[in-house]
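Novice: sequence below, structure please.
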Amino acid sequence: MNDSSWQPEPVPAGPAYDAQVGPHTRPMPIVPDAAGRDFDDREARDRGAVSDGGSLFRADKPPQEPMPSPPPPHAEHPQDSSPPPQKKRAGRDLRAAIGVGVGLGAVIFASLLIVKAVFVGVIVVAVVVGLWELTSRLQEKKGIKAPLVPLAVGGAAMVIAGYVRGAEGAWVAMALTVLAVLVWRMTEPPEDYLKDVTAGAFAAFYVPFLATFVAMLLTADDGPQRVITFLLLTVVSDTGAYAVGWRFGKTKLAPRISPGKTREGLFGAVAFAMAAGALCMEFLIDGGAWWQGLLLGLAVAVSATLGDLGESMIKRDLGIKDMGTLLPGHGGIMDRLDSLLPTAPVVWLLLAAFVGTG
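Specialist: Numbering: from 1, shown residues only. Next up is the predicted model:
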């Protein structure tokens, strides 16, 4: 209802009214103002804001405009209120990471150049330490007791059997290791037996069996060159993914698994690995061709990325950042083996197809 249709109510008789209202005085009703608020018209009349006809106007002086509040700091320059851009950071101690990486590389290359068997010993040590890290994290975070003793002994035997007897020896050692895990776990109460032995079988395949293919690469006449090619392509793939992803990465590759990885980083890994693969096959591998190196580099970039994502999945399930703290700037041994382990059988298979196993 608008103000023009409003009519004053009749005046009731009685002493309830204020003594100031005379017998011929019409009491002022409560009326809404222009903003919809009610106020006493008698008070408005006392201020000179109501005429005899009851219409509202400002008799004395115009309304006072409210004083504007001072603007908030930096309001005149909104661009100043935004926080300064932050530089991208690597998230790890790069000096320590580079130092440890150089040290590991020196040990690996020295063992390759001295005697092949020495490098097999390096693989065995890495496998045993990796199994210890994996089983320790499983027990700490999930209460899964994968038996370490049969895994460590069987894992070492698996690597040595693969070096001495090839793929057949590796498969036999793998089967015996799983059997040893089943029997060893029987010495404890039956609760969670299936969960523990399943984790043990997974650990036996994931760490020592995949690492056996590195020892099998070494058995060829140009074995050291093959191992160097395998290691170099994996490292170059990881480096290319890191460098390109850190500089140009915008589109997440698998945000639920590893938020730091991007599609641009994957393209960088492929480009770097393919270039390195062409060079390695042309100059390191006997009978190799550059185009074979392109295919090898592409396969390494994909397998290394999948291996990294696979361990990231495991660590997210366990709720940890690293598998260990043995290597400053890198984490644990398993944090360095994540991309190497699944890449080893890929490189072994492709080199066998391209130039044979001899």
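Novice: CA only for contacts and neighbour counts going forward, please
Specialist: Fine.
Novice: do you know the pLDDT at A59?
Specialist: Listed pLDDT for A59 reads 42.
Novice: check which residues of whatever helix or strand A175 lives in are buried.
Specialist: Applying DSSP states H and E as the criterion places A175 in helix 148-185. For helix 148-185, the neighbour count (16 or more other C-alpha atoms under 10 Å) marks 148, 150-152, 154-163, 166-167, 169-171, 173-174, 176-178, 180-182, 184-185 as buried.
Novice: what angle separates the next helix-or-strand element following that helix from helix 148-185?
Specialist: Next helix or strand after helix 148-185 toward the C-terminus (DSSP H and E): helix 193-204. Interaxial angle, helix 193-204 versus helix 148-185 (axes from the mean of the first three to the mean of the last three C-alpha atoms, to 10 degrees): 150 degrees.
Novice: so who does V124 touch?
Specialist: V124 makes contact with G155, A156, V159, according to C-alpha atoms under 8 Å, 6 or more residues apart in numbering.
Novice: do you know how far the nearest residue to V120 once chain neighbours are set aside is from T305?
Specialist: Residue nearest to V120 in three dimensions, not counting chain neighbours: A215, with 6.3 Å by C-alpha to C-alpha, 6 or more residues apart in numbering. Using C-alpha to C-alpha, to the nearest Å, A215 is found at 22 Å from T305.
Novice: compare these two (neighbour count), which wins?
Specialist: More crowded of A215 and T305, by other C-alpha atoms under 10 Å: A215, with 29 against 25.
Novice: tell me which element that one is part of?
Specialist: When elements are assigned from DSSP H and E, A215 belongs to helix 210-218.
Novice: that helix packs against which elements?
Specialist: If contacts are counted by 3 or more C-alpha pairs under 8 Å, 6 or more residues apart in numbering; DSSP states H and E, helix 210-218 sits against helix 116-142, helix 148-185, helix 223-248, helix 340-355.
Novice: before we move on, the earlier item: what's the angle from the helix holding A175 to helix 116-142?
Specialist: Inter-element angle recorded for helix 148-185 and helix 116-142: 60 degrees (by the same axes, to 10 degrees).
Novice: which secondary structure elements does helix 148-185 contact?
Specialist: Using 3+ C-alpha pairs under 8 Å, 6+ apart: helix 148-185 touches helix 116-142, helix 193-204, helix 210-218.
Novice: got the angle between it and helix 210-218?
Specialist: 130 degrees.
Novice: where in this structure is pLDDT low?
Specialist: Segments of the chain classed as low confidence (criterion: pLDDT under 70) are 1-94, 96-97, 329-330.
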